[in-house]
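K.L.:
Predicted model follows, preceded by the sequence.
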Amino acid sequence: MPESPKEKGFLGLIFLDLDGTIEDSRLDMAGSANAVRSRLDLSIQKEQSMFPHVMRGMEHLYRQCFPEVFENPELLSKSARDESQILDSLAELYQLEYSQRIVAHTKCYPGMEEALKTLSEKYILALYTNKPESLSRLLLEKLNIFDFFSLIYGGDTLPESKPSALPIETGMQTIAERLALPLDTVKQRTVMVGDSAGDIKAAKAAGVASVWAAYGYYDQKPDTDPEFIVGRPEEIPDLIQRILPD
């Protein structure tokens with residue numbers, strides 16, 4: 001008789017968002033945007049005024065935090081003319097600045113480290129974020145939580161990012177192949193935890209359970225109708241246990 005998923009050590013695959021779910025990085029991301037603005041001889045902005053712009057993916061950040069550059073590309077030292085070149089140049093500048101101050105103020109939400117430790121002892125953990133993969137890995141390392149994760153999908157890891165289901169589907173396929181399990185078996189025991197509508201949309205598109213982190217960046221529950229809600233990081237392991245009973 002073939003081994004059951006439990007006999008193979010598989011009890012579930014848990015995807016977690018990064019910014020606004022595991023940690024709050026808004027101050028460091030806004031500070032990095034101001035560092036780039038300073039390098040380009042642009043006025044410094046109030047960091048909190050940039051918070052809404054650093055929460056919605058990197059391209060949104062570049063467009064909203066540096067609108068002057070799109071109006072006057074000559075502000076960039078490189079000969080960037082079309083939008084793709086401008087975005088690439090801003091990405092290079094921003095990621096350099098951000099990597100130097102990535103944990104100046106950023107910490108895990110209270111209770112998150114213990115929650116990750118508890119989850120990792122039972123489930124396979126995967127990161128799904130729109131932050132670039134290299135920066136995501138650096139941040140996980142600096143926060144001393146890198147080893148909890150078996151899979152990492154950043155915004156540039158695959159051709160699609162949130163709200164796409166592709167990273168979730170890719171992760172499920174990877175685990176199914178690694179453990180020689182049917183894909184449907186893995187899918188039935190996969191959960192996505194995140195604080196944004198994009199997280200919930202990705203989960204629904206992939207056909208997996210969705211958990212909204214109500215303690216994160218967004219005060220209002222997404223209109224994408226998450227199946228479950230968690231109020232604090234320390235509540236996540238018990239909720240996952242209820243969603244995926246042994």
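P.N.:
Perfect, thanks for sending it.
K.L.:
now the strands: where do they sit in the chain?
P.N.:
For the chain, strands defined by DSSP state E occupy the ranges 13-16, 124-128, 151-153, 190-194, 209-213, 228-230.
K.L.:
Would you mind putting those into TSV with mean pLDDT alongside?
P.N.:
As requested, the strands of the chain are arranged in TSV below (pLDDT from 0 to 100):
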stretch	mean pLDDT
strand 13-16	99
strand 124-128	99
strand 151-153	99
strand 190-194	99
strand 209-213	98
strand 228-230	98
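K.L.:
So which residues of the chain form helices?
P.N.:
Counting by DSSP state H, one finds helices in the chain at the ranges 26-39, 47-50, 58-65, 67-71, 83-100, 112-120, 133-142, 166-179, 183-188, 197-206, 236-243.
K.L.:
looking at the ones you listed, which is buried most?
P.N.:
Sort the helices of the chain by mean neighbour count, taking mean count of other Cβ atoms under 10 Å, and helix 197-206 sits at the top with a mean of 22. All C-beta atoms are positioned from the backbone trio N, CA, C, and that covers glycine.
K.L.:
which helices and strands does that helix pack with?
P.N.:
For helix 197-206, the elements it packs on are helix 166-179, strand 190-194, strand 209-213, judged by 3 or more Cβ pairs under 8 Å, 6 or more residues apart in numbering; DSSP states H and E.
K.L.:
From the centroid of the protein, which residue is nearest?
P.N.:
Taking Cα atoms, centre = their mean as the criterion, T129 is the residue nearest the geometric centre of the chain, at 2.2 Å.
K.L.:
tally of neighbours for the closest residue to that one other than its chain neighbours?
P.N.:
With Cβ to Cβ, 6 or more residues apart in numbering as the measure, L18 is the residue that lies nearest to T129, at 3.8 Å, once sequence neighbours are left out. Look at L18: counted by other Cβ atoms under 10 Å, it has 22 neighbours.
K.L.:
what's the pLDDT at G9?
P.N.:
Looking at G9, its pLDDT is 78.
K.L.:
so what's the residue lying closest to K142 once chain neighbours are set aside up against?
P.N.:
Ranked by Cβ to Cβ, 6+ apart and with sequence neighbours excluded, the top spatial neighbour of K142 is V103, at 4.4 Å. Contact partners of V103, counting by Cβ atoms under 8 Å, 6 or more residues apart in numbering, are D28, L139, K142, L143.
K.L.:
what's the closest non-adjacent residue to the second one?
P.N.:
Nearest residue to L139 in three dimensions, chain neighbours excluded: I102, at 5.4 Å (Cβ to Cβ, 6+ apart).
K.L.:
in the protein, which ranges drop under the pLDDT threshold?
P.N.:
Counting by pLDDT under 70, the ranges of the chain that qualify are 1-8, 77-80.
K.L.:
do that again at 90, thanks
P.N.:
Low-confidence regions of the chain, defined by pLDDT under 90, span residues 1-9, 56, 73-84, 219, 246.
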